[in-house]
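>>> No sequence on hand, only this structure:
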């Protein structure tokens, strides 16, 4: 019989260009022979792929000066950060963070804005401030024609398809069209650049997977507890988006039906037990400007009984929610991000102890837990990866940097 | 530049053979032109793929006698059920079900065994009975050399890699090597046939996705409540296995920390509130042999107050757990299987009502819920699909029917 044709050759080339650029972007410096293994094509084809990316200015080659093995050294392929630049933004309750990030993940510039007033800023005002940040921080990229994308992390439910923020209780936003509003406000060339918006915990997971504590893990949960509690899920090496991108709202699992009222309208959501403000108030302390738990941890370390009890309670509820996630998803790894990092460090032993009493504890697969490697930067790193994704998917196609 | 080579041609051919056979297996009768669209290769290549599968006896072609459009009718391609046969087994507390299933999902024979004694049978005895069923039910397949695989559904944690049953509380099994023990007991040719073991709810989900209520859905949760409560999760069109295949143990989410002791060792697991026996006992009735809820539903319909209250409580706890799953996974569809089907029918309005008070109810994406289309057969259908998978993945390769 005749041998069936494969996919069209152009498609194969796109795919292999994407494999090469993604590898260079994630690893930083990759030898050509490693790229040959990664693509599964022969050496001369790999050389041609690298040459095409180099002509587009996206990568450069370097011959290593010293090498251990015999024979001609394999040229190293490196990303050219300036050639493809994204603006990563994180809209938080207490601050807006921004970074200009180049291919390979290099941070080229950064800026943090504090809110002008107490409490969350109104939507219109936030959009104006974001637009200002993009313009000022992004100027060198715009001047060079290297603007590739904008990624924004938001603490709320985000509809991925069009960047609408469905509900962000701590910002007091409901149904705000963030991507559209920002795009409208931006001048050329930024108004032409794709804007992708994601939930902060989803992007934290993406960041940790690309450059943090979850590298090499296919099945993990990233938990971020601040005022609210969010989660980012990976299964089989890919994010779990759920319908419209709404998965991962783990802070709204009901764990205590007789518990406190949640801002979402329900009673006893997980975040009513382990949200930072709840723990700070249970310890009898004033909630500080940045909602940090360090005061509680210090008071507990100093022997303050209310603080000790508040942390112990938090550990117990943490263990219950973790147990629920382990039962449903059976992840290999759980990462503690946001303010949760402080509780995790301070109550590690209690979490272990209480975990032994949660659902299926005796039989389920054990999982590793660790604190975030990127700490508070995780959502921002994820926002940059989100903004870079179209270029990585199709390096010389429609997602390419602006001429 | 030179055009990169695609994957090796043999690999492309394997892939396309798999696409064709899988489509014929799932759809039953597919026109050649539809297969051409599905594979993306040209018509003569499709014809050659079909011819290769026909030579192996796996499919046959038929010219439709009547057709509406002008021109030569496209030949229909049909599965040959007898050529590739699997044995699907379900080990339940109250019975063992078995089916011999041919390519295309045709049930060629079936048999149900009741337990010889009260209560769950010991592991060794169950293995002996399973072996007997395989031999008797499978005889025609063995005689014709068409034994393709054995799939087994078990109500417990199953380690997919080697078919070890880690923990099945209702069977009182811990760490029982089911696949290995059954294989050892079987005579030729069955001892050479691959045995795959899966959790009953995972396989219920697989069954509903292939041939039931979840056809066409990429993101759904299948919930099966009997004595225990299990779940099968699909995300992005694929099952979510979790570590070692242990995901989906949704019955062991803790929803009521002040609640009842669970057989798993924890307190307040979801199944301590919505397991069938719990509801039956709350209604003041004796648990019947088959753990069916029909007695409770009848009593409630007749106005019995305890039964009404038991169902109302069940609906409330059902809504809480469903809300938790919606928050974490945001599925498009939830399917009620097992004994849960009866509660679902009887308490639909209350579930809706209580759902409005669960986590994020006002903001999250709405999901459809419906009862299982395959009813009690769902895990068995999934077990057959599991056993057929190696053949579908590589129709003329190592997973082929025995000569």
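Looks like it came in fine. No experiment lies behind these values; they were computed from the predicted model shown. Numbers count the residues shown, from 1 in each chain, chains lettered A, B, ... in the order given.
>>> what residues are up against residue A:28?
Residues in contact with residue A:28 (CB atoms under 8 Å, 6 or more residues apart in numbering or on different chains) are A:78-79, A:104-105. C-betas here are computed from N, CA, C, even on glycine.
>>> Can you read off the pLDDT for it?
With respect to pLDDT, residue A:28 scores 92.
>>> how long is stretch A:283-303 from one end to the other?
12 Å (CA to CA, to the nearest Å).
>>> Residue A:17 belongs to a helix, doesn't it?
Yes: under DSSP: H, G, I helix; E, B strand; the rest coil, residue A:17 falls within a helix.
>>> That one touches residue A:51, doesn't it?
No: in this structure, residue A:17 is not within contact of residue A:51 by CB atoms under 8 Å, at 11.0 Å.
>>> okay, the two: which has more neighbours?
For the pair residue A:17 and residue A:51, the greater number of neighbours falls to residue A:17 (24 against 13), based on other CB atoms under 10 Å in any protein chain shown.
>>> Go over the secondary structure and confirm residue A:86 is in a strand.
Yes: counting by three-state DSSP, residue A:86 falls inside a strand.
>>> The residue lying closest to it once chain neighbours are set aside - how many residues pack around it?
Distance criterion CB to CB, 6 or more residues apart in numbering or on different chains; nearest residue to residue A:86, sequence neighbours excluded, is residue A:387 at 3.7 Å. Neighbourhood size, residue A:387 [other CB under 10 Å]: 27.
>>> do residue A:265 as well
The tally of other residues near residue A:265 (other CB under 10 Å) stands at 17.
>>> now do residue A:234
Neighbours around residue A:234, by other CB under 10 Å: 24.
>>> May I have the phi/psi pair for it?
Per-residue torsions, residue A:234: phi -120, psi 130 (degrees, to the nearest 10).
>>> again with the one 3 residues further on
With angles defined as degrees, to the nearest 10, residue A:237 shows backbone torsions of phi 80, psi 0.
>>> mind checking the backbone torsions on the residue nearest to it when sequence neighbours are not counted?
Nearest non-adjacent residue to residue A:237, counting by CB to CB, 6+ apart: residue A:218, 4.1 Å away. Main-chain dihedrals, residue A:218, degrees, to the nearest 10: phi -90, psi -30.
>>> measure residue A:218 to residue A:235 for me?
From residue A:218 across to residue A:235, the span is 7 Å (CB to CB, to the nearest Å).
>>> So those two - more neighbours on which side?
For residue A:218 versus residue A:235, neighbours defined as other CB under 10 Å are more numerous around residue A:235 (25 against 15).
>>> dump the residue contacts of the spatially closest residue to that one that is not a sequence neighbour.
Once flanking residues are discounted, residue A:235 sits nearest to residue B:240: 4.9 Å by CB to CB, 6+ apart. Residue B:240 makes contact with A:235-236, A:240, A:329, B:233-234, B:247-248, according to CB under 8 Å, 6+ apart.
>>> quick one: which of those is nearest residue B:335?
Nearest to residue B:335 out of these is residue B:234 (CB to CB; 10.1 Å).
>>> Quickly list what that closest one is bridged to.
residue B:220, residue B:239 (DSSP bridges).
>>> For the stretch 151-300 of chain A, which residues are neighbours of chain B?
Listed as neighbours of chain B in the stretch 151-300 of chain A under the rule CB under 8 Å from any CB of the partner chain: A:157, A:166-167, A:174, A:219, A:231, A:233, A:235-236, A:238, A:240-258, A:262, A:264-267, A:269.
>>> Among those residues, name the ones in helices.
In helices, judged by DSSP state H, none of those are found.
>>> Kindly give a single PyMOL line that selects the buried subset of the residues you listed.
In PyMOL, this line selects whichever of those come out buried by 16 or more other CB atoms under 10 Å in any protein chain shown:
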select buried, chain A and resi 157+166+167+219+231+233+235+240+241+242+243+244+245+246+247+248+249+250+251+252+253+254+255+256+257+262+264+265+266+267+269
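>>> Quick check: strands, which of the residues of the stretch 151-300 of chain A next to chain B are part of them?
Among these, the residues falling in strands (DSSP state E) are A:157, A:166-167, A:174, A:231, A:233, A:235, A:238.
>>> Dump the residues you listed to CSV, plus pLDDT.
Below are those laid out as CSV (pLDDT from 0 to 100):
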residue, pLDDT
A:157, 92
A:166, 93
A:167, 91
A:174, 94
A:231, 95
A:233, 96
A:235, 91
A:238, 91
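>>> mean confidence for the longest helix seen in chain A?
Scanning chain A for the helix with the most residues, using DSSP H, yields helix A:305-329. Averaging pLDDT along helix A:305-329 yields 95.
>>> mind checking how far that helix is from the chain centre?
24 Å (CA atoms, centre = their mean, to the nearest Å).
>>> That helix and chain B in contact?
Yes: residues of helix A:305-329 contacting chain B under CB under 8 Å from any CB: A:320, A:323-325, A:327-329.
>>> next SSE after that helix?
strand A:333-338 (DSSP states H and E).
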